[in-house]
Each structure stands twice: as C-alpha cells, then as structure tokens.
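# Pasting a predicted model and its sequence here:
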Amino acid sequence: MPTWNRGHDAFRNYMQAQSTGIPAEHLMVDRAFMLNLSAPQMAALVGGMRAIGANADENNTDGILTHRPGQLTNDFFVNLIDMGTVWEPTDESEERFVGRDRKSGETKWTASRVDLVYGSNSQLRAIAEEFGANGASAT
C-alpha cells in the first residue's frame, strides 16, 4: 500500500498519527494529483464535504465551518478567510487548530491543518477568496 494511503484521508479529515513526517496537506495535494483534480476542483471537493459535514468521524467537527451543516454552501470558505477569526494550534503537533473571535477571544471553530492550508497557501487562498466571495452563494 502506498505511504500516502496509510491512515490518511484529508478530504474527510481523517488523519492517524503520522510516522512519515509528511505534512497532512501535502498528502492531500498528492492524493488530488493522483485523482487528476485541479486546485479549484480539490478546493470545491474539500469545501463541499466540510459544508455537508462529511468528516470520517461523525463526532469530529474539525473544518465544519458552518452553522448549517448538511447544506451545500460556501460557508467553509467564508468563515475560513474571515479576518475576525484568529487561528491557534491546540498543541505542539500543530495538526489541529482552534479559531477564536479576534475581539472577544471566544472559540468559534476548530479545524485541521488541511483545512487551514486554504488560508495560508497563496494560490489556494485566492481560490478560497473566490469561492467565499459575495455572490458565490444563493443565500
């Protein structure tokens, strides 16, 4: 079995402890390449799966950046790039993050490093901003 397939499915936010030392977001991009997905297709897949709450573990809310899970919306991108949210790692592994309201410090969201790559990588950030733009959703 290839290394990228051992206990990792970034599209469904399923990550086991890694012994390979390869960051989870690299494994996601590698998998997308093997599936012949373009960057916008990969972003749409991840954003859509997070919006409908399709994590591997139904109790895991990482990346479900919406108050209306189950509906196919652009909420994942809107809330991910919201400048009113500051993201901090939950521990030293920097695999999981908590998003807090910049003013109140109140916890708003949790996310994996796979989710946050759409805000930190310049090319993926541009896609996230396009998908999260006003008018990108019927609501």
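Sure thing, it's come through.
# Against residue 21, how distant is residue 122?
For residue 122, the distance to residue 21 (Cβ to Cβ, to the nearest Å) stands at 24 Å. For the C-beta atoms, the positions are set from N, CA and C on the backbone; glycine is no exception.
# residues contacting residue 80?
Counting by Cβ atoms under 8 Å, 6 or more residues apart in numbering, residue 80 makes contact with 65, 111, 115, 116, 118, 119, 128, 132.
# Is residue 33 in a helix, a strand, or coil?
Look at residue 33: counting by DSSP: H, G, I helix; E, B strand; the rest coil, its state is helix.
# please renumber so the chain begins at 27
All set: I'll call the first residue 27, so the last point we hit is now residue 59.
# quick one, strands of the chain?
34-35, 40-41, 111-115, 122-127, 133-138 (DSSP state E).
# could you dump those to a markdown table with mean neighbour count and mean pLDDT?
Formatted as a markdown table, the strands of the chain follow (neighbours: other Cβ atoms under 10 Å; pLDDT from 0 to 100):
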| stretch | mean neighbour count | mean pLDDT |
| --- | --- | --- |
| strand 34-35 | 20 | 66 |
| strand 40-41 | 18 | 68 |
| strand 111-115 | 15 | 97 |
| strand 122-127 | 18 | 96 |
| strand 133-138 | 19 | 96 |
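# Nearest residue to the middle of the protein?
Centroid-nearest residue in the chain, with Cα atoms, centre = their mean: residue 141, separated by 1.8 Å.
# Good, wrapping up.
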